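Novice: let's see this in three dimensions:
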Amino acid sequence: MTSIPPGIDLCSIPMSPLPDGQTEPNFVNPSSLQKTTIAVFIVLLMLTYTFVLARTWANRQKLQLSDYFTLAALLLHSSNIGIIISLSKYNRHQWDIPLCWYYRPDYLKKLYTQQITFGMTLVFSKAAILLLYLQIFGVKSYMRVAVLSA
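Specialist: The predicted structure is shown next:
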């Protein structure tokens, strides 16, 4: 990797090398997937809310631990989607992003928070599935052992 000479404005350098045939990066109005990203995440989030709230409504008389883990995963997933939508201006080709954008403290903080909430979403959603399996198949002791060893 080539080092950047001192005194160069990082906002004039693209994040990655330009593709063949392109002579200058397009920092002004590049093609972007921002609208697509927002639309897809909003639709999928509404579907997720529908299924989780239907499950919670169906089990409202006697909520189990798996239901609470599912609700926690939903809240973490919602915050993760919110962070991803706030980062959607970065959804363009790497050669159309100025290098200085990646060294902004707000971007790095959002990226860190997005990774943490994503990890916690996975933990709670997978734990909810495991607890649901224990709830369904935990009647017999050998099935409980099979679920816990999987």
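
Novice: A strand includes His110, no?
Specialist: Rather than His, residue 110 is Lys. No: according to DSSP: H, G, I helix; E, B strand; the rest coil, Lys110 belongs to no strand; its state is helix.

Novice: was I right about it contacting Ile84?
Specialist: No: here Lys110 does not reach Ile84: they are 9.1 Å apart, not a contact under Cβ atoms under 8 Å. Yep, even glycine has a C-beta here, placed from its N, CA and C like the rest.

Novice: what residues are up against Ile4?
Specialist: By Cβ atoms under 8 Å, 6 or more residues apart in numbering, the contact list for Ile4 reads Leu10, Ile13, Leu99.

Novice: which residue ranges of this protein form helices?
Specialist: According to DSSP state H, the chain carries its helices in the segments 34-58, 65-86, 105-137, 141-149.

Novice: quick one: closest of those to Arg92.
Specialist: Nearest of the helices of the chain to Arg92, taken as Cβ to Cβ: helix 34-58 at 7.8 Å.

Novice: buried stuff in that closest one?
Specialist: Using 16 or more other Cβ atoms under 10 Å as the burial criterion, the residues of helix 34-58 that qualify are Thr37, Phe41, Leu45, Val52, Arg55.

Novice: about what we covered before: need the contacts of Ile4 in a markdown table (columns: distance to Phe27 and pLDDT).
Specialist: Formatted as a markdown table, the contacts of Ile4 follow (distance: Cβ to Cβ, whole Å; pLDDT from 0 to 100):
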| residue | distance to Phe27 | pLDDT |
| --- | --- | --- |
| Leu10 | 12 | 81 |
| Ile13 | 10 | 82 |
| Leu99 | 11 | 84 |
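
Novice: most neighbours, which of the residues you listed?
Specialist: When neighbours are taken as other Cβ atoms under 10 Å, the top entry among the contacts of Ile4 is Leu99 (17 neighbours).

Novice: re the thing from before, now the contacts of Ile4 in JSON lines, with distance to Ala72?
Specialist: Below are these laid out as JSON lines (distance: Cβ to Cβ, whole Å):
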{"residue": "Leu10", "distance to Ala72": "40"}
{"residue": "Ile13", "distance to Ala72": "42"}
{"residue": "Leu99", "distance to Ala72": "38"}
